[in-house]
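Visitor: what's the 3D shape of this:
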Amino acid sequence: MGAVMPGAATAARRPLRVLILRQGHYPDDPRVRRAVGALTARGHSVDVVCLGRAGEAARETVAGARVFRVPLAHRRGGRWRYAWEYGAFFVAAAGLALALHLRRRYAVVEAHSLPDGLVFAALGPRCLGARVVLDLHEVMPELVASLFGLHAAHPLVRITGRVEQAAIRFADACLAVSDPCAEAFVRRGAPAGKLTVVMNSADPALFPPPDPSAAPSGAGPGGPRPLRVVSHGTLVDRHGFDVLLHAAARLSTGGGPDFELRIMGDGEARGALEALARDLGLGERVTFEGHRPLDEVARRLEDADVGVVANRRDAFMDLVVPTKLMEYAALGIPAVVSRTPAVERYFDGRMVRYFAPGDAADLAAALAEVLGDPGLRRRLADAARRGFCGRHGWPGMAARYVDLIEALAGVS
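Guide: Next comes the predicted model:
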């Protein structure tokens, strides 16, 4: 795609002011957090307009950015709930973007989906000279089909596709999170030259490489401990946490290695998953740790022995390269991963242990193999760090991203 190569601009001639719009939470959103860090490392100033939770300050400076929060509660629900939330935040973001631009005169306004149409909230600043970037976190037509069980020809999916393409045309430049996603946008009509791939690679400042002097897997200060299996993310059906629980139940009764399972995250499926864990007799073997701030997620993963990505397959998930898989690679955690087309573009069988999506028995067998073989764990972790992080790590992605922003603003 039309990527600006790292190193095209090594230093800014003048600091830029950049405004980021995101219908999510900052600093919890890892992609926005990485963007802010990359821009401020080059000396640029960043403001963020985002959602606010109860108890959070409406305005504050945090994690390198001045943050302006919109007090709008997010609740997962049906189509009308999503439409109402998107519309309410759009109106607030458009007003704030214009008001802030009149005071700050941003060089670039960057809208992060979802929804894709949020980019039109930058219309006011654009008319006054700002350049506009659309960061496409997801492929929205496929996501809508996955969320609501719709076929590709459904009117809602087709409308979503038209909004996506209109948003891409409106922006001066667009970011995609992977090559498969960028290719999907191009198939629907987006100009390839407008798209730059900046992956959700883990920031080594938050997800540092493993300490070679650390204790081996399964070792604790008091001697051997159960091996720790982790999985984190939003607790929804497409992420396959129920498949992981069924696999854990099989593994716990199969005479394999002693292990414990930690699940971090929240979502609409949490109650059902906790009930399933009880029904499967997993007892104290599994812990649901709930939502954790991004910094804490990284710390709590450091002593993990195996990470699991149990995503199901559908048209949306086939395009996803899971952020948590890239975080496991950065931390040196060997991963057991459901085999999907997008993941196979970046990780081969020497870098992860694959299993068939949705197949608890196959996942249990894969976990038993990896947990039972310390040498295999080391080989998988080393190969993923060299193979993925070496080619697609965040330092290179950060340079590509900031080079694009500076080029749009006329800084070279």
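Visitor: Just give me the residue right at the centre of the protein.
Guide: In the chain, the residue lying closest to the centroid (CA atoms, centre = their mean) is residue 323, at 4.3 Å.
Visitor: how deep is the nearest residue to that residue once chain neighbours are set aside tucked in, by neighbour count?
Guide: The shortest distance from residue 323 to any non-neighbouring residue, by CB to CB, 6 or more residues apart in numbering, is to residue 200 (4.4 Å). (C-beta placed from N, C-alpha, C; glycine too.) The burial count assigned to residue 200 is 22, neighbours taken as other CB atoms under 10 Å.
Visitor: From residue 43, how far off is the residue nearest to the centre of the chain?
Guide: 27 Å (CB to CB, to the nearest Å).
Visitor: can you map out the strands along the stretch 101-250 of the chain?
Guide: With DSSP state E, counting those that start in this stretch as the criterion, the stretch 101-250 of the chain has strands at 108-112, 131-136, 173-176, 195-197, 219-220, 223-224, 227-232.
Visitor: What helices and strands are in contact with the first one?
Guide: Think strand 108-112. strand 17-22, helix 30-41, strand 131-136, helix 394-408 (3 or more CB pairs under 8 Å, 6 or more residues apart in numbering; DSSP states H and E).
Visitor: pLDDT below threshold where in the stretch 51-200 of the chain?
Guide: 74-80 (pLDDT under 70).
Visitor: Between its first and last residues, how far does stretch 266-286 reach?
Guide: Taking CA to CA, to the nearest Å, stretch 266-286 runs 15 Å from one end to the other.
Visitor: which residues touch that stretch?
Guide: 76, 234-237, 241-242, 245-246, 248-249, 252, 259-263, 288, 290-291 (CB atoms under 8 Å, 6 or more residues apart in numbering).
Visitor: could you redo the last one with a cut-off of 10 Å?
Guide: Contacts with stretch 266-286, where a contact means CB atoms under 10 Å, 6 or more residues apart in numbering, come from 75-77, 226, 229, 233-239, 241-242, 244-246, 248-253, 258-263, 287-292.
Visitor: And for stretch 341-350?
Guide: Residues from elsewhere that reach stretch 341-350 (CB under 10 Å, 6+ apart): 177-181, 199, 309, 311, 313, 317-322, 325-326, 329, 335, 337, 339, 351-352, 354, 379-380, 382-384, 386-388, 391-392.
Visitor: Just the buried residues out of the residues you listed, in PyMOL syntax.
Guide: In PyMOL, this line selects whichever of the contacts of stretch 341-350 come out buried by 16 or more other CB atoms under 10 Å:
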select buried, resi 177+178+179+180+181+199+309+311+313+317+318+319+320+321+322+325+326+329+335+337+339+351+352+354+380+383+384+387+388+392
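Visitor: Which ones among the contacts of stretch 341-350 map onto strands?
Guide: 309, 335, 337, 354 (DSSP state E).
Visitor: Dump the helices and strands packed on strand 108-112 into JSON lines; add distance to residue 99 and mean neighbour count as well.
Guide: Output for these, formatted as JSON lines (distance: least, CB to CB, whole Å; neighbours: other CB atoms under 10 Å):
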{"stretch": "strand 17-22", "distance to residue 99": "11", "mean neighbour count": "25"}
{"stretch": "helix 30-41", "distance to residue 99": "20", "mean neighbour count": "21"}
{"stretch": "strand 131-136", "distance to residue 99": "17", "mean neighbour count": "25"}
{"stretch": "helix 394-408", "distance to residue 99": "22", "mean neighbour count": "21"}
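Visitor: what's the closest of those to residue 47?
Guide: Smallest distance to residue 47 across these (CB to CB): 5.0 Å, for strand 17-22.
Visitor: list the contacts for residue 28?
Guide: Taking CB under 10 Å, 6+ apart, we find residue 28 in contact with 50-51, 53, 63, 291-295, 297.
Visitor: Need the buried ones from those selected in PyMOL.
Guide: The PyMOL selection below is limited to those of the contacts of residue 28 classed as buried (16+ other CB under 10 Å):
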select buried, resi 50+51+63+292+294+297
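Visitor: re earlier: quick check: the residue nearest to residue 323 touching residue 31?
Guide: Yes. Using CB atoms under 10 Å, residue 200 is in contact with residue 31, at 5.9 Å.
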